[in-house]
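# no sequence on this one, just coordinates:
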């Protein structure tokens, strides 16, 4: 028995530590893009706010359905001057209202659909923001590596210049030029490190965890050609875009609201039953009653007419918004699709430029090592090479972001 108690106590103390160890944010394991997205969809406050909006609209559905059920009321009164006490228990129910309640329920159901579509749109925007921040951090990490490599290359060049100067084969100018180039390279490393730190903060903010400790991410900044066709992505966008589904649901709700407003011209039939206790002395007298009431709106100051007019005007607005949304989707998809194609070509060109810049750097460095080159030639080749590497990083980032924008434009699920 004592061993069992020890095991239980050990488990109680070790389980929180094991749980924390399994959390990649706590143990410092590298997070991939999918994990960053999952954390954002769990932690970001915009998600919580949008989920709260869904619950609010679901509550309105319940409020609309309340008219289907009986209403029970209890009233009591006591007169002080002429002592008289009475208590009434009254139950009332709408027997027939020409579909007003059902229309209200339908409208609120459609509003719930719209709020859910808005929720999906918020999720899609958060996913896009995380991807943007994730790829931007990868780009800054690679650019920092380029800056560090540049600094190392200029350090090697300075060492060579010093060696040549000491044996008298190169002038002091070569050493001074190499020192200046190395100083600028160190400054660029500092700038690259600051850019990386800022990018990391942006990613944590996009994930909804701005106060969390720093963590590593998996490098997936590589080229993977997309084979999507324009017609296919357009059709997918019209079917899946949550913002379009939201506008459609709101338009349908407004169509229902016209019918609801027109029902203001029709009567309402209600039923009621009650039980009364009253009198001046106890025991009180009691009685019950039951009846039905038909309420017919003879004249309401034209309020029903104006409600119908308002609903029709709102419907025209939403129809126009829907048309505008469809045009905007077509433009978004086409632009995103073309950006994917364009950035893919930029990667091919940037890769070729890096290869050529490497050859040029090796030639310039080789010439200087053999004593026939000059420091300006080496510096230019070094800067050209590492600018080409940075441009390739930018091209890869642009391609990844073009893909992410295309996925959002077609309503792809995260």
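Received the coordinates, thanks. What you see is a predicted model; the values in this text were computed from it and never measured.
# could you list the low-pLDDT ranges of the stretch 201-350 of the chain?
Counting by pLDDT under 70, the stretch 201-350 of the chain contains low-confidence ranges at 279, 281, 284.
# please enumerate the helices of it.
Here the stretch 201-350 of the chain has its helices, by DSSP state H, counting those that start in this stretch, at 230-240, 242-262, 303-369.
# out of the ones you listed, deepest packed?
helix 242-262 (a mean of 20; mean count of other Cβ atoms under 10 Å). Every C-beta, even on glycine, is put in place using the N, C-alpha and C of the backbone.
# how about the helices of the stretch 201-350 of the chain, which one is nearest residue 177?
Residue 177 lies closest, by Cβ to Cβ, to one member of the helices of the stretch 201-350 of the chain: helix 303-369, at 11.4 Å.
# next SSE after the closest one?
Using DSSP states H and E, the helix or strand that follows helix 303-369 in sequence is helix 375-409.
# give me the buried positions along that following helix.
375, 377-379, 381-386, 388-409 (16 or more other Cβ atoms under 10 Å).
# picking that back up, closest one to residue 180 among the helices of the stretch 201-350 of the chain?
Among those, the nearest to residue 180 by Cβ to Cβ is helix 303-369 (16.2 Å).
# any idea of the angle that closest one forms with helix 230-240?
Inter-element angle recorded for helix 303-369 and helix 230-240: 140 degrees (by axes from the mean of the first three to the mean of the last three Cα atoms, to 10 degrees).
# so what's the gap between helix 303-369 and the chain middle?
Chain-centre distance of helix 303-369: 18 Å, with Cα atoms, centre = their mean, to the nearest Å.
# and that helix, what does it pack onto?
Contact here means 3 or more Cβ pairs under 8 Å, 6 or more residues apart in numbering; DSSP states H and E; on that basis helix 303-369 packs against helix 100-166, helix 230-240, helix 242-262, helix 375-409.
# can you lay out the helices of the stretch 201-350 of the chain as TSV showing distance to residue 130?
Below are the helices of the stretch 201-350 of the chain laid out as TSV (distance: least, Cβ to Cβ, whole Å):
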stretch	distance to residue 130
helix 230-240	19
helix 242-262	17
helix 303-369	17
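# nearest to residue 280, of the ones you listed?
Comparing the helices of the stretch 201-350 of the chain by Cβ to Cβ, helix 303-369 comes nearest, at 44.7 Å.
# neighbours of the closest residue in space to residue 209 that isn't next to it in sequence, how many?
Nearest residue to residue 209, sequence neighbours excluded (Cβ to Cβ, 6 or more residues apart in numbering): residue 43, at 5.5 Å. For residue 43, the count of nearby residues is 15 (other Cβ atoms under 10 Å).
# separation between the residue nearest to residue 365 when sequence neighbours are not counted and residue 388?
Leaving aside its chain neighbours, residue 365 sits nearest to residue 378 (6.1 Å; criterion: Cβ to Cβ, 6+ apart). From residue 378 over to residue 388 the distance is 16 Å, taken as Cβ to Cβ, to the nearest Å.
# kindly report the same for residue 319.
Using Cβ to Cβ, residue 319 is found at 52 Å from residue 388.
# cool, residue 154 as well?
Note on residue 154: its distance to residue 388, by Cβ to Cβ, is 16 Å.
# dump the helices and strands packed on helix 303-369 into a markdown table; add distance to residue 351 as well.
Output for these, formatted as a markdown table (distance: least, Cβ to Cβ, whole Å):
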| stretch | distance to residue 351 |
| --- | --- |
| helix 100-166 | 14 |
| helix 230-240 | 26 |
| helix 242-262 | 37 |
| helix 375-409 | 6 |
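# residue 223: which of the ones you listed is closest?
Nearest to residue 223, of these and by Cβ to Cβ, is helix 375-409 at 6.5 Å.
# give me the helices and strands touching that closest one, please.
helix 100-166, helix 172-206, helix 230-240, helix 303-369.
# got the angle between the last one and helix 172-206?
So that's helix 303-369. Here the directions of helix 303-369 and helix 172-206 differ by 150 degrees (the same axes, to 10 degrees).
# what of the shortest one?
Inter-element angle recorded for helix 230-240 and helix 172-206: 40 degrees (by the same axes, to 10 degrees).
# what sits up against helix 230-240?
For helix 230-240, contacts defined as Cβ atoms under 8 Å, 6 or more residues apart in numbering pick out 244, 326, 329-330, 332-334, 337, 406, 409-413.
# how much does that helix deviate in direction from helix 100-166?
130 degrees.
# could you do the last one as well?
Between the axis of helix 303-369 and that of helix 100-166 there is an angle of 10 degrees, by the same axes, to 10 degrees.
# quick check, pLDDT for the residue nearest the centre of the chain.
Nearest to the geometric centre of the chain sits residue 126, at 1.8 Å (Cα atoms, centre = their mean). pLDDT, residue 126: 95.
# and it, how close does it get to residue 48?
Distance, residue 126 to residue 48, by Cβ to Cβ: 11 Å.
# try residue 74
Distance, residue 74 to residue 48, using Cβ to Cβ: 39 Å.
# who has more neighbours out of those two?
More neighbours surround residue 48 than the other of residue 74 and residue 48, with 11 against 8 (other Cβ under 10 Å).
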